[in-house]
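[1] coords please:
(chains A and B)
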Number of protein chains: 2
Amino acid sequence: MDYSYLSHLYCPKCQQTYSPAEPEHLCICGSPLLVAYDMERLSHSWSRDQLQTREPDLWRYHELLPLQDPTYKTSLGEGMTPLIPLPTLQANMNIHKLYMKDEGVIPTGSFKARGAAVGVSKAKELGVEELAMPTNGNAGAAWSLYAARASLKSTIVMPVDAPKITRNECALSGANLFLVDGLISDAGQIVAKAVKQSGLYDVSTLKEPYRIEGKKTMGLEIAEQLGWRVPDVILYPTGGGVGLIGIYKALKELQQLGWIAKDQMPKLVAVQSEGCKPIVEAWEKGLKESTFWPNSETVAFGINVPKAIGDFLVLEALYETEGCAVSIDDTSLLEEQKHITQTEGVFVCPEGAAAFSAARKLRSEGWITEEDEVVVLNTGAGIKYPDTVKMEVPVLNPGDTIKTKV
Amino acid sequence: MDYSYLSHLYCPKCQQTYSPAEPEHLCICGSPLLVAYDMERLSHSWSRDQLQTREPDLWRYHELLPLQDPTYKTSLGEGMTPLIPLPTLQANMNIHKLYMKDEGVIPTGSFKARGAAVGVSKAKELGVEELAMPTNGNAGAAWSLYAARASLKSTIVMPVDAPKITRNECALSGANLFLVDGLISDAGQIVAKAVKQSGLYDVSTLKEPYRIEGKKTMGLEIAEQLGWRVPDVILYPTGGGVGLIGIYKALKELQQLGWIAKDQMPKLVAVQSEGCKPIVEAWEKGLKESTFWPNSETVAFGINVPKAIGDFLVLEALYETEGCAVSIDDTSLLEEQKHITQTEGVFVCPEGAAAFSAARKLRSEGWITEEDEVVVLNTGAGIKYPDTVKMEVPVLNPGDTIKTKV
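    Next comes the predicted model:
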């Protein structure tokens, strides 16, 4: 058996194909590239039973990942994050079954670790020496840390306003780190210039084809953790949307392998913020692409993406699965964050909280039914965003007495 | 088969036994209590093979945990944290094999989740309604979040200076939270008074017997992850020392089960800070107990414990395993933290960094030999301590050009 059944790269827009032996970025038509596997051959040599004795990390699916030589595997034990039942919250929302896929329990504390682990491993295999990217924080942290692990250099540019802890992660990793007094789009322009001038390997969202392969393992894991079936609905906080595209790709690949039934596909829901909802607007109008969202703003920094390069793939996944797109205001998501922590003991990130708030909204509107089984992606640990929590706490002096609730 | 083979509680000092059917705290002699299992019966009905198909969390060892009715299991998917090989760092330290047991990859971002998961589950089973504890931060965060998950109330008192993010976690959990303008010992006095007055269930370190059972799963996992054998040395950042006591207890239980050989026991190393090293001082003098360390201070907040209630058990484990106790100054541990992040891509917590720094020190002194296989516990995610990192990062304006290293 091969370690990977990687076949080729292809453009989902113009169908042009590319060899995976060389570093590739966008298609000549400007579209992101996707990774294809030799599914026919793989379906004959791989079975679900083989997974049982494998390590609980995302490399358990290595046949369906792009890395061909395991020597270059750059891993910190990422993946197989818990799928947590939420009995109190599901009763509160009147949903039959509600689960949280908790991506806070992963190296670097956010789901960006998946894309970074696979992307950096593949970059190393391709002979890359230095990568570059703009970031809103978590992606830069993950990629620079995995790059350090792989002994690759990295150049990272992030807004001054990005969460401070992600700045610390990048700085400590030894990355060539710059802040920009502007938005991620400004950071993107600075990176693009550097890439052009210095030949750095551009790992901006979907500008290399392998990050999505790491992200798709969320879909593989959900199916495996549910006993090789899918839920009725999956909600995903959507900035660049790579995870949603990845989950959709993963489930179609599982259908091709015959590991889940051909008609099994959850409704996929893209959750955005009221202050930045280009995908929601496009979906409501039935459009195939989104329009740049001006003056975007939200406390959920990770989904502050005014125009995603893979927007057409996100929208396609929503249409194909009969899903939808929903936006949530900051007040509601912060309220939901507090509620989830108090009822289920998970301090979710603001983006995850938005997705839970969306589940509540869709249930109240009847779009999610009482019988549905629902999985919500919490894309990171709330501890990475200390500034979203404002609570007043009484201060005592030594020797003071407290009144207890009992 | 029973879910748990819990037998009874016993005092390691005076050998008094107690029934596990009632909530118990300290022995009448003042010592912490330990949990005993029916090892004879368990060794006949449980085999290592049975673990293969179990979930990758600490409940895979439920026969050797105190919870008797799984209905009360309070889990967020904690455990089976990665055991990460560190090829670059081991070469740098000239150690044959060096691993990090990464407890940053766990709910709440610290190893305190293990004690909280098992402790809260057992408290729920015992009919407890409200628990109380003083904390330096991470324990309070973990216990209050797991309490929320179990619908238990909690009263938490922590120093004003404890890491801010842990304060947020407690506050968001809905705990009855108080800050004290003092040390954890001041918080402890306030909690003790509240416990006495209101009958709250005291879950201070080792004042209930079940936290240690959760912590011991680190030892079970290390043995399983190494293929049912132990390393030569395990280094553990030691504040209260519950994890070290737990790992020692776990490995002795595995010996009794015959899952590891009778003569297999790693040398256990307690790592403390130069600014708070009561265990190191006691070990150097060959004493059985430590003395209160006055005016303690260190950036590694989690090991700022001037006098641990279980100090005699920690020291016993060091003597019995021919281990040792080492102290590290703050400058060295911060330097090591930066070095680990840059070479291996893991942003370890200051306490974990101290343990790595201790490995380096012991290797340079020859106490750790070139042939040794060494496991270091990183007890939490560095992202919980943003203030320990001070880095200067250049700020650009939109449109600026950067100089890259290539």
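[2] so how far is A:Ala250 from the residue nearest the centre of chain A?
    Most central in chain A under Cα atoms, centre = their mean is A:Gly243, positioned 3.9 Å from the mean C-alpha point. Here A:Gly243 is placed at a distance of 10 Å from A:Ala250 (Cβ to Cβ, to the nearest Å). Every C-beta, even on glycine, is put in place using the N, C-alpha and C of the backbone.
[3] please name the nearest non-neighbouring residue to the residue of the stretch 301-406 of chain A found nearest chain B.
    Using Cβ to the nearest Cβ, A:Gly345 is the residue of the stretch 301-406 of chain A that sits closest to chain B, at 3.2 Å. Excluding the flanking residues, the one nearest A:Gly345 by Cβ to Cβ, 6 or more residues apart in numbering or on different chains is B:Arg149, at 3.2 Å.
[4] count the residues that sit near that neighbour.
    28 (other Cβ atoms under 10 Å in any protein chain shown).
[5] hmm, it is touching A:Glu344, no?
    Yes - look at B:Arg149 against A:Glu344 with Cβ atoms under 8 Å: they come within range, at 5.6 Å.
[6] before we move on, the earlier item: wait, isn't the residue nearest to the centre of chain A in contact with A:Thr379?
    Yes - taking contacts as Cβ under 8 Å, A:Gly243 lies within contact range of A:Thr379: 7.2 Å.
[7] what touches both of these two?
    Contact criterion Cβ atoms under 8 Å, 6 or more residues apart in numbering or on different chains; residues shared by A:Gly243 and A:Thr379: A:Phe111, A:Tyr236.
[8] overlap in contacts, A:Gly243 and A:Ala250.
    Contacts common to A:Gly243 and A:Ala250, judged by Cβ under 8 Å, 6+ apart, are A:Met218.
[9] quick revisit: how far away is the residue nearest to A:Gly345 from A:Cys170?
    B:Arg149 is 33 Å from A:Cys170, where distance means Cβ to Cβ.
[10] all helices of the stretch 1-150 of chain A, in order?
    Counting by DSSP state H, counting those that start in this stretch, the segments of the stretch 1-150 of chain A that form helices are A:39-45, A:87-93, A:112-125, A:138-149.
[11] columns mean pLDDT and distance to B:Trp293 on top of those, output as CSV?
    Below are the helices of the stretch 1-150 of chain A laid out as CSV (pLDDT from 0 to 100; distance: least, Cβ to Cβ, whole Å):
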stretch, mean pLDDT, distance to B:Trp293
helix A:39-45, 96, 60
helix A:87-93, 97, 43
helix A:112-125, 98, 38
helix A:138-149, 97, 35
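[12] nearest to A:His339, of those?
    The closest of the helices of the stretch 1-150 of chain A to A:His339 is helix A:87-93. By Cβ to Cβ, the value is 7.9 Å.
[13] just list what that closest one packs against, helices and strands only.
    With contacts taken as 3 or more Cβ pairs under 8 Å, 6 or more residues apart in numbering or on different chains; DSSP states H and E, helix A:87-93 sits against strand A:97-102, helix A:330-344, helix A:350-364.
[14] residues making contact with it?
    So helix A:87-93 is contacted by A:His96, A:Lys97, A:Leu98, A:His339, A:Ile340, A:Thr343, A:Glu344, A:Phe356, A:Ala359, A:Arg360, A:Arg363, B:Ser151 (Cβ under 8 Å, 6+ apart).
[15] list the contacts of the first one.
    Residues near A:His96 by Cβ under 8 Å, 6+ apart: A:Gln90, A:Glu370, A:Glu371, A:Asp372, A:Glu373.
[16] cool, and the last one?
    Counting by Cβ under 8 Å, 6+ apart, B:Ser151 touches A:Thr88.
[17] for it, helix, strand, or coil?
    Assigned with DSSP: H, G, I helix; E, B strand; the rest coil, B:Ser151 falls in the coil class.
[18] and it, how far from A:Gln342?
    To A:Gln342, B:Ser151 is 10 Å away according to Cβ to Cβ.
[19] dump the residue contacts of A:Leu257.
    Contacts of A:Leu257 (Cβ under 8 Å, 6+ apart): A:Met39, A:Leu42, A:Ser43, A:Trp46.
[20] not counting residues beside it along the chain, what's closest to A:Glu130?
    Closest residue to A:Glu130 in three dimensions, ignoring its sequence neighbours and counting by Cβ to Cβ, 6+ apart: A:Lys153, at 3.9 Å.
[21] repeat that for A:Lys207.
    Nearest residue to A:Lys207 in three dimensions, chain neighbours excluded: A:His25, at 5.0 Å (Cβ to Cβ, 6+ apart).
[22] the one you found: neighbouring residues, count only.
    Counted with other Cβ under 10 Å, the neighbours of A:His25 add up to 16.
[23] look up the pLDDT of A:Val233 for me, please.
    pLDDT recorded at A:Val233 is 98.
[24] separation between it and A:Ile368?
    Distance, A:Val233 to A:Ile368, by Cβ to Cβ: 6 Å.
[25] repeat that for A:Ala175.
    From A:Ala175 to A:Ile368 the distance is 41 Å (Cβ to Cβ).
[26] just A:Lys285 next, same as before
    Using Cβ to Cβ, we find A:Lys285 at a distance of 23 Å from A:Ile368.
[27] more neighbours: the two, which one.
    Higher neighbour count among A:Lys285 and A:Ile368: A:Ile368, with 27 against 10, using other Cβ under 10 Å.
[28] got the contact list for that one?
    By Cβ under 8 Å, 6+ apart, the contact list for A:Ile368 reads A:Ile95, A:Asp232, A:Val233, A:Ala359, A:Leu362, A:Val374.
[29] one more: A:His25?
    Taking Cβ under 8 Å, 6+ apart as the test, what A:His25 contacts is A:Leu33, A:Asp202, A:Lys207, A:Glu208.
[30] surely the second one is in contact with A:Pro134?
    Right, A:Asp202. No - using Cβ under 8 Å as the test, A:Asp202 is too far from A:Pro134 to be in contact (9.8 Å).
[31] shared neighbours of these two, anything?
    A:Val191.
[32] so how many other residues sit close to the closest residue to A:Thr108 other than its chain neighbours?
    Ranked by Cβ to Cβ, 6+ apart and with sequence neighbours excluded, the top spatial neighbour of A:Thr108 is A:Ala142, at 4.5 Å. Residues near A:Ala142, counting by other Cβ under 10 Å, number 34.
[33] list the contacts of A:Ala142.
    So A:Ala142 contacts A:Pro107, A:Thr108, A:Ser110, A:Lys112, A:Ala113, A:Gly115, A:Ala116 (Cβ under 8 Å, 6+ apart).
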